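Colleague: here is a sequence together with a model predicted from it:
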Amino acid sequence: MSEDVQLSKICMDFGSFRAVNNVDVTIKPGEFFSFLGPSGCGKTTILRLISGFMEPTEGSVKIGGKDMKGIRPNARPTALIFQNLALFPLMPVWENITFGLEVRGVPKAQRRAKAEELLQLVDLHDSADKRISQLSGGQKQRVAIARALAVEPKVMLLDEPLSALDLKLRQHMRAELRAIQKRTGVTFIYITHDQGEALAMSDRVGVMSQGILQQVATPQEIYNNPVNGFVASFVGENNVFVGTVKGKSGDIATFETAKGQFNARLGANVSVGDTTKLFVRPEFCTLQKTASKSANSIAVEVTEIAFEGNFVNVFVRDESGDTHMVQVQNDPSIPTPALHSKAHMIFDPQSCMILSEATDTRSGH
């Protein structure tokens, strides 16, 4: 039911502007793969190159080992779900779902049977004869997915399909999409700027910045071992310290900053003598009354406490006036530090990383 998608050294230029720069990745058959990045990073352009609405300036797109050069969108084994869903308001749900089959001349009875089968799959079994206007946002989303699946694509392309939904529904639809993908086994390629969405649903994530694929890895690897400062700061929260790498022993380096000396894991492409940044996630920091002898510590004052439900964000200010964040679990047995209390922010050398800036910026022609 699914095919792999191979992007080989793909570049896409619009005049002198390079939107996609040398992207090289193979998406496995049956994989849920997300391209994650800020607006304008080139991720939607990649989707259009795979679907055939654009041809790359350089490089090739192969689906199931077959070069897609010159093959029109409707002749490719792909289906594309847009952000606005593009459903037909005057058609009942079942006709919306089987519109692609009607265009291909499939008889009505066969189309109806296929619609019923797909409505079961997306958990809308009693909605075949409803109008689109009678459906909620989440139900419309499922109709769009069923319509895309009706033409039996090998690769499903999704361009930020959940962005118009409210938070609760978005979280529910994440789980739904993931479940549908697992049931069908179709290769899903998902575009999003929402890190939570990408981390929650994907088998692997490709993080993009300025047309360049910065890192491709599992969600856990992206979050815990970002390859550079861009990936670290785009995926999740961080406390950041600027300084210089003074020395190293094994994979732990000494990092000299204006706030003191820290020990941290040394990331790729960083050498002794480099001036760069140290990143530590708020949940890897703790607050203690006294400084630590074995871990990194910095004297701080608690300036703000933000209750988020399952956790509490404690904002602290160091002696030079910079603000940092410590995230603690909402656990009644552990008292939250008092406002304006003095403490030390502690973080272990293994839980923080010294990283370089993002790989290259894009180059035009």
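Modeller: Great, that's in hand.
Colleague: residue 109: which element?
Modeller: helix 108-121 (DSSP states H and E).
Colleague: swap that for residue 146, sorry
Modeller: Of the helices and strands defined by DSSP H and E, residue 146 is found in helix 137-150.
Colleague: mind saving the C-alpha coords of the helix or strand that that helix is followed by as CSV?
Modeller: Following helix 137-150 in sequence order, the next helix or strand is strand 155-159 (DSSP H and E). Output of strand 155-159 as CSV, limited to C-alpha atoms (Å, rounded to 0.1, in the frame of the first residue of the first chain):
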residue,chain,number,x,y,z
VAL,A,155,1.9,8.5,-0.3
MET,A,156,-0.3,11.0,1.6
LEU,A,157,0.9,14.6,1.7
LEU,A,158,-0.5,16.8,4.5
ASP,A,159,0.1,20.6,4.5
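Colleague: which ones are touching residue 261?
Modeller: Going by C-beta atoms under 8 Å, 6 or more residues apart in numbering, residue 261 touches 246, 254-255. Every residue, glycine included, has its C-beta placed from N, CA and C.
Colleague: let's see that with 10 Å instead.
Modeller: The contact partners of residue 261, by C-beta atoms under 10 Å, 6 or more residues apart in numbering, come to 243, 246, 254-255, 296.
Colleague: which two in these are spaced the farthest apart?
Modeller: The span of the contacts of residue 261, defined through C-beta to C-beta, is set by 246 and 296 at 14.0 Å.
Colleague: who has more neighbours, these two?
Modeller: Between residue 246 and residue 296, residue 296 has the larger neighbour count (other C-beta atoms under 10 Å), namely 25 against 12.
Colleague: bridge partners for that one, pull those for me.
Modeller: On the basis of DSSP bridges, residue 296 takes part in beta bridges with residue 347.
Colleague: before we move on, the earlier item: now the helix holding residue 109: mean pLDDT?
Modeller: In this model, helix 108-121 has a mean pLDDT of 92.
Colleague: that one: how far from the chain's middle?
Modeller: On the basis of C-alpha atoms, centre = their mean, to the nearest Å, helix 108-121 sits 33 Å off its chain's mean C-alpha point.
Colleague: that helix: which residues count as buried?
Modeller: By 16 or more other C-beta atoms under 10 Å, the buried positions in helix 108-121 come out as 111, 114-115, 118-119, 121.
Colleague: before we move on, what about stretch 335-345?
Modeller: Within stretch 335-345, the residues that count as buried by 16+ other C-beta under 10 Å are 337, 343-345.
Colleague: now the angle between helix 137-150 and the helix holding residue 109, please.
Modeller: If you take axes from the mean of the first three to the mean of the last three C-alpha atoms, to 10 degrees, helix 108-121 sits at 130 degrees to helix 137-150.
Colleague: run through the neighbouring helices and strands of helix 108-121.
Modeller: Judged by 3 or more C-beta pairs under 10 Å, 6 or more residues apart in numbering; DSSP states H and E, helix 108-121 is in contact with helix 93-97, helix 99-103, helix 137-150, helix 167-184.
Colleague: any chance of these in a markdown table, plus mean neighbour count, mean pLDDT and distance to residue 234?
Modeller: Formatted as a markdown table, the helices and strands packed on helix 108-121 follow (neighbours: other C-beta atoms under 10 Å; pLDDT from 0 to 100; distance: least, C-beta to C-beta, whole Å):
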| stretch | mean neighbour count | mean pLDDT | distance to residue 234 |
| --- | --- | --- | --- |
| helix 93-97 | 24 | 94 | 36 |
| helix 99-103 | 16 | 88 | 36 |
| helix 137-150 | 22 | 88 | 26 |
| helix 167-184 | 16 | 86 | 19 |
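Colleague: want to try a markdown table for those helices, with distance to residue 16 as columns?
Modeller: Rendered in a markdown table, the data for the helices and strands packed on helix 108-121 read as follows (distance: least, C-beta to C-beta, whole Å):
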| stretch | distance to residue 16 |
| --- | --- |
| helix 93-97 | 42 |
| helix 99-103 | 38 |
| helix 137-150 | 35 |
| helix 167-184 | 37 |
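Colleague: of those, which is nearest residue 65?
Modeller: With C-beta to C-beta as the measure, helix 167-184 is the member of those nearest residue 65 (21.0 Å).
Colleague: average pLDDT across the helix or strand just after that closest one?
Modeller: Next helix or strand after helix 167-184 toward the C-terminus (DSSP H and E): strand 187-192. Throughout strand 187-192, pLDDT has a mean value of 96.
Colleague: helix or strand next in line after strand 187-192, which one?
Modeller: helix 195-201.
Colleague: report all helices and strands that that next one contacts.
Modeller: Counting contacts by 3+ C-beta pairs under 10 Å, 6+ apart, helix 195-201 is packed against strand 32-36, helix 167-184, strand 187-192, strand 204-209, helix 219-224.
Colleague: can you give me the neighbour number for residue 21?
Modeller: By other C-beta under 10 Å, the residues close to residue 21 number 23.
Colleague: and if you look at residue 286?
Modeller: Neighbour count for residue 286, taken as other C-beta under 10 Å: 17.
Colleague: could you do residue 185 as well?
Modeller: Residues lying near residue 185 (other C-beta under 10 Å) number 11.
Colleague: next: residue 204.
Modeller: Neighbour count of residue 204, defined by other C-beta under 10 Å: 18.
Colleague: so who does it touch?
Modeller: 25, 27-28, 31-34, 198, 216-219, 221-222.
Colleague: 6 Å instead?
Modeller: Residues in contact with residue 204 (C-beta atoms under 6 Å, 6 or more residues apart in numbering) are 33, 218.
Colleague: please apply the same query to residue 47.
Modeller: Counting by C-beta under 6 Å, 6+ apart, residue 47 makes contact with 157, 159, 191.
Colleague: that one sits in which helix or strand?
Modeller: helix 43-51.
Colleague: buried residues, stretch 63-83. List them.
Modeller: Within stretch 63-83, the residues scored as buried using 16+ other C-beta under 10 Å are 63, 68, 76-81.
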